[in-house]
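K.L.:
just coords:
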Ligand SMILES: NC(=O)c1ccc[n+]([C@@H]2O[C@H](COP(=O)([O-])OP(=O)(O)OC[C@H]3O[C@@H](n4cnc5c(N)ncnc54)[C@H](O)[C@@H]3O)[C@@H](O)[C@H]2O)c1
């Protein structure tokens, strides 16, 4: 008996990375899944891999009608909706506040924030019919602190965290739980998704990022999509039945504090610097 036995889920951003790992885990735990994405080829391959358990639905989450149709597909194909993972995303605008345009800002908000609000909006009546449900939204550590993403992306993800809190408060009376996950640095295609990066360079960047990942946070290994999928499974399943309105940080400790708080090499380097300064001072005083 799987932890999501006979549940019906929608996962957006299902054709790659965190979304795909979550579809795989959900199916392994007994769920049937509507996998939604703009990447039709990868989505069709996912559906073919899990015939009868995964239905691929083309869905551009910047389009309200696509989101509504995706939720409706869960009811049409699998008779209802219990779980939604609002996860689709990309880096959005890389502009700074000094060269931001209204268009770039609006696109990023539509992709990362409005999409989540509308995902919740269109899931709610279907979950009410089932007597409740679980919604999980992908935020980011970039929504918690500065320095982890471009400005529009980070503001959108901060919005996802607050949206999660407010939606949880409003939907608790329907027994619908709403929670967010804040991933840290996870090895997916998101960092090389831009069409501006040529194919061979993408692979090189991916390899460099994977090599650098173990040193990026206190836990010395790369963050993988399955790490987020497992967190999503917890928040989607009955194991978290008394949890709503929260954010689960899954970042290998990246946000525990400044590097000197956890990296012994940095502390040793600082100690060496202090010792050199003290020695120079003493030499100066004595000289
Ligand atoms: N990878 C990380 O380090 C990291 C960290 C924090 C948060 N996140 C968030 O995790 C989520 C998933 O990203 P990922 O890392 O798995 O990246 P990914 O690029 O591997 O997957 C993102 C998926 O979203 C899809 N997508 C993009 N735009 C879409 C649209 N308009 N409509 C529907 N689908 C769309 C892509 O086709 C892709 O399949 C995103 O919301 C991202 O912001 C990722």
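P.N.:
Happy to help now that I have it. The shown structure was predicted, so the numbers you read here are calculated from the model rather than taken from an experiment.
K.L.:
Quick one: mean pLDDT for the longest strand seen in the chain?
P.N.:
Assignment by DSSP state E gives strand 176-183 as the longest strand of the chain. For strand 176-183, the mean per-residue pLDDT is 99.
K.L.:
who touches the next helix or strand after it?
P.N.:
Counting by DSSP states H and E, the next helix or strand C-terminal to strand 176-183 is helix 199-212. For helix 199-212, contacts defined as Cβ atoms under 8 Å, 6 or more residues apart in numbering pick out 187, 189, 191, 192, 197, 222. C-beta here means a position set from N, CA and C on the backbone, and glycine is covered the same way.
K.L.:
for helix 199-212, which positions count as buried?
P.N.:
For helix 199-212, burial by neighbour count (16 or more other Cβ atoms under 10 Å) applies to residue 209.
K.L.:
Show me which residues of this structure sit near the ligand.
P.N.:
Neighbours of the ligand within the chain, by Cβ under 6 Å from any ligand atom: 12-13, 15-19, 37-39, 59-62, 87-90, 111, 138, 140, 183, 185-186, 188-190, 193.
K.L.:
Which members of these are positioned in strands?
P.N.:
Within the residues of the chain next to the ligand, residues falling in strands by DSSP E are 12, 37, 138, 183.
K.L.:
Looking at those residues, point me to the pair that's furthest apart.
P.N.:
Every pair in these was compared (Cβ to Cβ); the two farthest apart turn out to be 37 and 183, at 17.9 Å.
K.L.:
Which secondary structure state does residue 34 sit in?
P.N.:
Assigned with DSSP: H, G, I helix; E, B strand; the rest coil, residue 34 falls in the strand class.
K.L.:
Let me know the closest of the contacts of helix 199-212 to the ligand.
P.N.:
Nearest to the ligand out of those is residue 189 (Cβ to the nearest ligand atom; 4.1 Å).
K.L.:
count of neighbours near the closest one?
P.N.:
13 (other Cβ atoms under 10 Å).
K.L.:
How about the contacts made by it?
P.N.:
For residue 189, the contacting residues are 16, 17, 202, 206, by Cβ under 8 Å, 6+ apart.
K.L.:
Check those and tell me the two furthest apart.
P.N.:
17 and 202 (13.7 Å).
K.L.:
so residue 122 sits right up against residue 63, yeah?
P.N.:
No. Residue 122 lies out of contact with residue 63 (Cβ atoms under 8 Å); the separation is 11.9 Å.
K.L.:
neighbour-wise, which of the two wins?
P.N.:
More neighbours surround residue 122 than the other of residue 122 and residue 63, with 19 against 14 (other Cβ under 10 Å).
K.L.:
before we move on, what SS does the more buried one have?
P.N.:
Going by three-state DSSP: residue 122 is helix.
K.L.:
quick one: contacts for it?
P.N.:
The neighbourhood of residue 122, defined by Cβ under 8 Å, 6+ apart, consists of 67, 68, 70, 71, 72.
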